[in-house]
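Participant: Curious how this folds, go ahead:
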Amino acid sequence: MEWEPEALKELEKVPEHVRSMAKMGIETLAGKKGKNIVAIEDVKEAETQFRALLGKDEKNEKITKIAVVRCDIVSETCPGVACFKAFNRRKVHFEGYGKDAEIIGFFTCGGCPGRRVFRLVDSLIKHGVDVVHLSSCMLMEGGYPKCPHIDEIKQMIIKKGVKVVEGTHH
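Facilitator: Numbers count the residues shown, from 1 in each chain. Now for the predicted structure:
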């Protein structure tokens, strides 16, 4: 797809680490309109749509943004259904949230000793994460061993200024 110079100039304002994804999204938007040249209006429309996903709800109230980190080993057999059910029904460790909350991230630790958490929390901070839940599978002993690195993972998240809640559905 071709780009008008003004549109390309506007695209350059997008942070480099997400620019290729933004470009693909803008081209998809323009293509759905039957266009083969991206104009600045297409870039602005895509930006408006993206910003609408990030900020505030219809009443202009702040949305609580939640992420869940879970055990990499357990993720081999668990798709996370119970975590999402607990959130959707606002049960167990999600009871304190109203309708103004959403899950913006659901990821594994990356394997012992939680090597991915540091990078992913940095990324989530850019998206306004308010709280990270340590999934129940990281905390329970029984079917799976308790995470041996849970304290380090928790402290690392707290040091980044993000609230931590221990548990999801148990």
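
Participant: any idea which helix or strand of the protein has the worst average confidence?
Facilitator: Across the helices and strands of the chain, mean confidence by mean pLDDT, DSSP states H and E is lowest for helix 40-54: a mean of 83.

Participant: what helices or strands is the next helix or strand after that one leaning on?
Facilitator: Per DSSP states H and E, the first helix or strand lying C-terminal to helix 40-54 is strand 64-70. Applying 3 or more Cβ pairs under 8 Å, 6 or more residues apart in numbering; DSSP states H and E, we find strand 64-70 packed against helix 81-88, strand 101-108, helix 117-126, strand 131-134, helix 136-139. No exception for glycine: its C-beta is placed from N, CA and C like everyone else's.

Participant: Can I get the first one in CSV, CA atoms only?
Facilitator: It refers to helix 81-88. Extracted in CSV, the C-alpha atoms of helix 81-88 (Å, rounded to 0.1, in the frame of the first residue of the first chain):
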residue,chain,number,x,y,z
VAL,A,81,-10.5,-20.2,32.4
ALA,A,82,-10.9,-20.0,36.2
CYS,A,83,-8.9,-16.8,36.4
PHE,A,84,-11.2,-15.2,33.8
LYS,A,85,-14.4,-16.6,35.3
ALA,A,86,-13.4,-15.2,38.7
PHE,A,87,-12.7,-11.8,37.1
ASN,A,88,-15.9,-11.7,35.0
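
Participant: Specify the angle between that helix and strand 101-108 in degrees.
Facilitator: In terms of direction (axes from the mean of the first three to the mean of the last three Cα atoms, to 10 degrees), helix 81-88 departs from strand 101-108 by 160 degrees.
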